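Trainee: Need coordinates for the below:
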Amino acid sequence: IRDFDIKTAYEACKASANDSSRQIDVYKRLGYVPVDDHPENWSVSKTLEYAFDDWCIAQFAKDLKKEEEYQYFMNRSENWKNVYDSISTFMRPKLANGKFIKDFVPKNYTPFFCESNAWQYFWSVQHNIEGLISILKGKENFEKKLDSMFNLSPLLGDKLPIFSTGMIGQYAHGNEPSHHVAYLYNYVDKPWKTQEKIKEILETQYKNAPNGHCGNEDCGQMSSWFLFSSLGFYPVNPAQGIYSLGFPIFDKATINLENGTVFSIEVKNNLSDYKYVESCVLNGKKLDRNYITHNEIMQGGTLVFTKSKEPNRDMKNKNAINTQKRVDEREKSGKTRVGKVVAKIKKASKFNQGFDTTEYLASAIMDMKFHLADPYNIDVDKFERETLTDLKMPAELPMRHRTPHFGHVFSGEGYATAYYGYMWADVLTSDASEAFSEAPGGFYDKDVAKKLVDYLFSPRNSIDPEEAYRLFRGRDAKIEALMRDRGFPIKSE
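Mentor: Alright, predicted model coming up:
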């Protein structure tokens, strides 16, 4: 849709995202919305939804070729990680001082979640499902958490608010935050579980009667979910232009599109005891992915589902993810560079000079190696141990920066992890200019210094800017000048 004033719309998006109301000013400063005493604080919900909004604005900026603003909003879109608690493995309300609230029960309904609880809002990272999988340390844990959500039914004594309807475990189909969750099994190579859940929801949460919806219609969302899902696909991330495949219920459906084309959905073996999808064929070609694109629909054609009595457990199609292109391209990265930098670090005279330097070196090389790894199936603890062994470092070396670093592989254009890994390795062992010349070609434009400084002052950065300033002082005049513009030299200097 482009028949509107694009420039004005984009500026309106930016103005709304940088407003001082709705705690956006605090969100920008802290990287999350903190807890307060307001009865509708909604701090976790706001943080997650603002982060998704930021991602959407970033795509708008990218389409308009506004690279700096794209990077800025992409950085902000990772703020969801700031409310993730690795101990409880939930998005947890956080105080302004950076500490999580003490009394936290995920199934309870509190003022920190809008009409939902921590179970239902955990999955509200539609723009970075792969990052959500990674933060849970892989697909297996992600699948187990999904299973738990659908099986952890409320107890008789649990207090459920009026909007908690259509309950399947902690899944609440009567309210919107849960609506994409059943499709997330597609992202962990278990599409048959998505098919099971979609079939169950279609059959139990809707009926042809005046009260046929299990919850508030809310501007048509309840009906929209049924319409999409009954056709066999659903937009997990509505701003991505991709639809995750599910379980259609009609023998044949035809969509007459406004551009004059026709898109048809046909279902073979559409019988009651055929509860799964064996395969999907788009315009005569068997799909090797669990999604179709908006453009494919608009071009017209036919999507054919073939159902089966038993699940096709061998179906491990590509997922409808945001970084599929980057994941596919990862293998094209310069693996030999990692080996060269490892060798350089091992020989560096500064290698054993202080804990911080050693830790930064380990973080740098882990960044580079993680960039080349499989982000879904990686065992983070094992990966850390192997890396420390490879670097001949103590296995018990505490990695304060570990979790933020691992998330970076999914952010921006997907190359920040590798790039900053090379940069830190070189700046700590030789000088920054060499890092810039050896960085993987084509990852960034020529003004890498500004991008580095922007990163150092972004919520995503886990490295102390003061430490960074000390490292760069006298090494790279441009970076030093840019950091001084941000408020340095430091007071203790």
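Trainee: Return the alpha-carbon coordinates of stretch 95-109 using PDB.
Mentor: Only the C-alpha atoms of stretch 95-109 are listed here, as PDB (Å, rounded to 0.1, in the frame of the first residue of the first chain):
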ATOM      1  CA  LEU A  95      12.400  -1.600  38.800                       C
ATOM      2  CA  ALA A  96      13.900   1.600  37.700                       C
ATOM      3  CA  ASN A  97      17.100   0.600  39.600                       C
ATOM      4  CA  GLY A  98      17.600  -2.300  37.200                       C
ATOM      5  CA  LYS A  99      16.500  -5.000  39.600                       C
ATOM      6  CA  PHE A 100      13.600  -7.400  39.000                       C
ATOM      7  CA  ILE A 101      10.600  -7.400  41.300                       C
ATOM      8  CA  LYS A 102      10.900 -10.100  44.000                       C
ATOM      9  CA  ASP A 103       7.500 -11.600  44.300                       C
ATOM     10  CA  PHE A 104       6.800 -13.000  40.800                       C
ATOM     11  CA  VAL A 105       4.400 -15.700  39.800                       C
ATOM     12  CA  PRO A 106       4.200 -16.100  36.000                       C
ATOM     13  CA  LYS A 107       0.600 -17.200  36.000                       C
ATOM     14  CA  ASN A 108      -0.700 -14.400  38.200                       C
ATOM     15  CA  TYR A 109      -2.400 -11.400  36.600                       C
END
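Trainee: Would you mind listing the outside residues contacting that stretch?
Mentor: The contact list for stretch 95-109, computed with CB atoms under 8 Å, 6 or more residues apart in numbering, reads 26, 30, 34-35, 85, 88, 90, 92-94, 112, 116-119, 122, 152, 154, 158-161, 164, 170. Using the backbone N, CA and C atoms, a C-beta is placed for each residue, glycine as well.
Trainee: Likewise for stretch 268-284?
Mentor: Contacting residues not belonging to stretch 268-284 are listed as 191-192, 195-196, 199, 245, 247-251, 286-287, 292, 296, 301-312, 315 [CB under 8 Å, 6+ apart].
Trainee: let's see it at 6 Å
Mentor: Stretch 268-284 has contacts (CB atoms under 6 Å, 6 or more residues apart in numbering) with 192, 195, 251, 287, 301, 303-309, 311-312.
Trainee: got the buried residues for it?
Mentor: Buried residues in stretch 268-284, counting neighbours by 16 or more other CB atoms under 10 Å, are found at Tyr274, Lys275, Tyr276, Val277, Glu278, Cys280, Leu282.
Trainee: quick one on the thing from earlier: take the contacts of stretch 268-284 and keep only those in helices.
Mentor: Secondary structure defined by DSSP state H assigns Trp192, Gln195 of the contacts of stretch 268-284 to helices.
Trainee: Would you convert the contacts of stretch 268-284 into JSON lines that also reports pLDDT?
Mentor: As requested, the contacts of stretch 268-284 are exported to JSON lines (pLDDT from 0 to 100):
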{"residue": "Trp192", "pLDDT": "96"}
{"residue": "Gln195", "pLDDT": "97"}
{"residue": "Asp251", "pLDDT": "98"}
{"residue": "Leu287", "pLDDT": "92"}
{"residue": "Gly301", "pLDDT": "96"}
{"residue": "Leu303", "pLDDT": "98"}
{"residue": "Val304", "pLDDT": "98"}
{"residue": "Phe305", "pLDDT": "98"}
{"residue": "Thr306", "pLDDT": "98"}
{"residue": "Lys307", "pLDDT": "98"}
{"residue": "Ser308", "pLDDT": "97"}
{"residue": "Lys309", "pLDDT": "97"}
{"residue": "Pro311", "pLDDT": "95"}
{"residue": "Asn312", "pLDDT": "91"}
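Trainee: still on that earlier bit, and the furthest pair within the buried residues of stretch 268-284?
Mentor: Using CB to CB, the two most remote members of those are Lys275 and Leu282, lying 22.3 Å apart.
Trainee: Among the contacts of stretch 95-109, name the buried ones.
Mentor: Among the contacts of stretch 95-109, the ones that count as buried (16+ other CB under 10 Å) are 26, 30, 34-35, 90, 92-94, 112, 116-119, 122, 164, 170.
Trainee: and which of the residues you listed is nearest Asp5?
Mentor: Proximity of the buried ones among the contacts of stretch 95-109 to Asp5 was ranked by CB to CB; the top entry is Val26 with 30.9 Å.
Trainee: still on that earlier bit, closest to His179 out of the contacts of stretch 268-284?
Mentor: Relative to His179, the closest of the contacts of stretch 268-284 is Gln195; by CB to CB it sits at 16.4 Å.
Trainee: I'd like to know how many residues surround that closest one.
Mentor: 26 (other CB atoms under 10 Å).
Trainee: swap in Asn41?
Mentor: Asn41 has 20 neighbouring residues, counting by other CB under 10 Å.
Trainee: Please apply the same query to Glu258.
Mentor: Glu258 has 6 neighbours, counted by other CB under 10 Å.
Trainee: ok so, going back, let me know the closest of the buried residues of stretch 268-284 to Trp225.
Mentor: Out of those, the member with the shortest distance to Trp225 (by CB to CB) is Val277, at 18.4 Å.
Trainee: What does the closest one show for phi and psi?
Mentor: In terms of degrees, to the nearest 10, the main-chain angles of Val277 are phi -110, psi 120.
Trainee: That one bridge partners, please.
Mentor: Lys307 (DSSP bridges).
Trainee: ok, now how distant is it from Lys309?
Mentor: Counting by CB to CB, to the nearest Å, the separation of Val277 from Lys309 is 11 Å.
Trainee: same question, Tyr243
Mentor: Tyr243 is 25 Å from Lys309, where distance means CB to CB.
Trainee: okay, the two: which has more neighbours?
Mentor: Under the neighbour definition other CB under 10 Å, Tyr243 and Lys309 were set side by side, and Tyr243 has more, 24 against 11.
Trainee: To which secondary structure element type does that one belong?
Mentor: Recorded secondary structure, Tyr243: strand (DSSP: H, G, I helix; E, B strand; the rest coil).
Trainee: partner residues bridging it?
Mentor: Tyr243 forms beta bridges with Ile292, as assigned by DSSP bridges.
Trainee: Where does pLDDT dip in the stretch 351-493 of the chain?
Mentor: By pLDDT under 70, the low-scoring segments of the stretch 351-493 of the chain are 351-479, 487-493.
Trainee: Can you tell me the closest non-neighbouring residue to Tyr183?
Mentor: Nearest residue to Tyr183 in three dimensions, chain neighbours excluded: Ser244, at 4.4 Å (CB to CB, 6 or more residues apart in numbering).
Trainee: And the buried residues of stretch 268-284, which is closest to Lys62?
Mentor: Lys62 lies nearest to Leu282 out of the buried residues of stretch 268-284, by CB to CB, at 26.8 Å.
Trainee: Run through the residues that contact Glu143.
Mentor: Val188.
Trainee: I meant Ala182, not that one.
Mentor: Thr194, Lys197, Ile198.
Trainee: Save the residues you listed as a markdown table, and put in neighbour count, pLDDT and distance to Glu78 too.
Mentor: Below are the contacts of Ala182 laid out as a markdown table (neighbours: other CB atoms under 10 Å; pLDDT from 0 to 100; distance: CB to CB, whole Å):
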| residue | neighbour count | pLDDT | distance to Glu78 |
| --- | --- | --- | --- |
| Thr194 | 25 | 97 | 26 |
| Lys197 | 21 | 98 | 28 |
| Ile198 | 25 | 98 | 30 |
